[in-house]
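A.B. asks: 3D model of this:
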Amino acid sequence: MGADAVLVERYLEHVRVEKRLAQRTVELYALDLQRLSDNAVQAGVGLLAVQNTHIRRWVAQMHGAGRSGRGIALILSGWRGFYVWLGRQGLVTSNPVLDVRAPKSPKPLPKALGVDDAVQLASYQDGEADPWLEARDAAMVELLYGCGLRVGELVGLDAVASTAARGWIDLQAGEAHVLGKGSKRRSVPVGSKALQALQHWLDVRGEVATALAQPALFTGRHGTRLTAQAIWQRLRQRSLRAGLATPVHPHMLRHSFASHVLQSSSDLRAVQELLGHSDISTTQIYTHVLDEKLRELVETHHPLAKATKNGD
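C.D. replies: Next comes the predicted model:
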């Protein structure tokens with residue numbers, strides 16, 4: 001057994017016996033250190049001679065090979081611990097992994113419904129449901145998809161404007177006034193279909209007497225303001241009853257609103273204002289969603305793509 005292999009074995013024994021790590025964790029450490037040893041052999045250096053530049057090069061190679069930022073971070077953590085132990089043994093004077101960080105993983109693209117699915121959900125009417133609940137839930141869907149509201153903004157809406165209200169709907173002006181992230185207020189236009197749904201909800205809302213004593217626009221049967229969790233559950237149930245293959249959550253409707261408006265208008269600044277993003281770079285992620293949709297459209301409908309799939 002070579003000198004480097006002996007060092008690795010000693011370290012694994014240390015974490016197994018002295019640190020009492022789980023066997024599975026020790027096995028993962030062993031795999032990470034085998035990767036480190038293989039890299040060192042290919043670079044022609046011993047483990048004690050590994051430098052910061054070597055570690056950075058190996059991180060770049062792993063990233064280029066498609067390993068995720070999270071996966072690289074876990075490997076670096078194992079390597080870092082190994083060199084900390086070597087330092088305590090007096091075998092190295094510095095830790096070559098100390099200031100090396102894994103590449104940031106790209107943010108996942110927000111999930112958005114297709115236009116047909118979004119319209120199907122917004123148009124859905126449950127004839128067997130309690131009319132009071134049906135009117136409320138239909139109005140909530142219209143505001144989430146028709147205005148791109150966050151679920152917290154929807155929860156904060158009151159039935160009438162007041163100095164204490166976090167948000168409210170001005171039916172006459174066709175605007176939703178909401179309190180967004182960072183306590184920033186903004187106004188969002190409300191479409192005619194959403195206004196109709198809201199008016200219908202307000203007409204029946206008072207049928208439950210307890211609702212009249214509650215300033216919240218959206219309440220439960222007992223007159224208490226709906227929570228974000230309750231809205232998540234109602235929307236999930238409604239989307240499945242509407243026949244959608246994927247359960248829908250409130251933020252998915254916000255993403256759908258942004259994607260569909262951008263798809264129709266290409267006005268990134270307007271979408272930024274509607275969503276209440278302080279930084280346009282946050283809004284720009286929806287351009288990637290649009291790019292993915294266009295790519296999917298080409299791959300699905302272009303004659304050459306069809307020919308390739310058919311093996312022609």
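
A.B. asks: list the helices and strands the one helix or strand residue 137 maps to packs on?
C.D. replies: Per DSSP states H and E: residue 137 is located in helix 131-147. Helix 131-147 sits against helix 115-123, helix 151-155, helix 192-205, helix 228-241, helix 250-265, with contacts defined as 3 or more C-beta pairs under 8 Å, 6 or more residues apart in numbering; DSSP states H and E. (Glycine included, C-beta is placed from N, CA and C.)

A.B. asks: quick one: closest of those helices to residue 182.
C.D. replies: helix 151-155 (12.0 Å; C-beta to C-beta).

A.B. asks: list the contacts of whichever helix or strand comes after that closest one.
C.D. replies: Toward the C-terminal end, the helix or strand that comes next after helix 151-155 (DSSP H and E) is strand 157-158. Strand 157-158 has contacts (C-beta atoms under 8 Å, 6 or more residues apart in numbering) with 143, 165, 166, 167, 168, 169, 176, 178, 215, 216, 217, 218.

A.B. asks: and the next helix or strand past strand 157-158?
C.D. replies: strand 167-170.

A.B. asks: helices or strands up against that following strand?
C.D. replies: So strand 167-170, by 3+ C-beta pairs under 8 Å, 6+ apart, packs with strand 157-158, strand 175-179.

A.B. asks: which of those sits most buried?
C.D. replies: Comparing those by mean neighbour count (mean count of other C-beta atoms under 10 Å), strand 157-158 comes out on top with a mean of 22.

A.B. asks: what's the mean pLDDT across it?
C.D. replies: For strand 157-158, mean pLDDT is 94.

A.B. asks: contacts for stretch 111-127?
C.D. replies: Stretch 111-127 has contacts (C-beta under 8 Å, 6+ apart) with 134, 138, 141-142, 145-146, 193, 238-239, 241-244, 246, 248, 252-253, 255-256, 258-260, 263, 289.

A.B. asks: please save the CA atoms from that stretch in PDB.
C.D. replies: What follows is stretch 111-127, C-alpha atoms only, in PDB (Å, rounded to 0.1, in the frame of the first residue of the first chain):
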ATOM      1  CA  LYS A 111     -42.900  25.600 -13.700                       C
ATOM      2  CA  ALA A 112     -45.700  27.200 -15.800                       C
ATOM      3  CA  LEU A 113     -48.900  25.700 -17.200                       C
ATOM      4  CA  GLY A 114     -49.400  25.700 -20.900                       C
ATOM      5  CA  VAL A 115     -52.000  28.200 -22.100                       C
ATOM      6  CA  ASP A 116     -54.600  25.600 -22.700                       C
ATOM      7  CA  ASP A 117     -54.300  24.100 -19.300                       C
ATOM      8  CA  ALA A 118     -54.300  27.600 -17.600                       C
ATOM      9  CA  VAL A 119     -57.500  28.500 -19.500                       C
ATOM     10  CA  GLN A 120     -59.000  25.200 -18.700                       C
ATOM     11  CA  LEU A 121     -58.400  25.700 -15.000                       C
ATOM     12  CA  ALA A 122     -59.600  29.400 -15.000                       C
ATOM     13  CA  SER A 123     -62.800  28.400 -16.900                       C
ATOM     14  CA  TYR A 124     -63.600  25.400 -14.800                       C
ATOM     15  CA  GLN A 125     -66.900  25.400 -12.900                       C
ATOM     16  CA  ASP A 126     -67.700  22.700 -10.400                       C
ATOM     17  CA  GLY A 127     -71.500  22.300 -10.600                       C
END
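
A.B. asks: which one of the helices and strands packed on helix 131-147 lies nearest to residue 18?
C.D. replies: Using C-beta to C-beta, the helices and strands packed on helix 131-147 put helix 228-241 closest to residue 18, at 44.3 Å.
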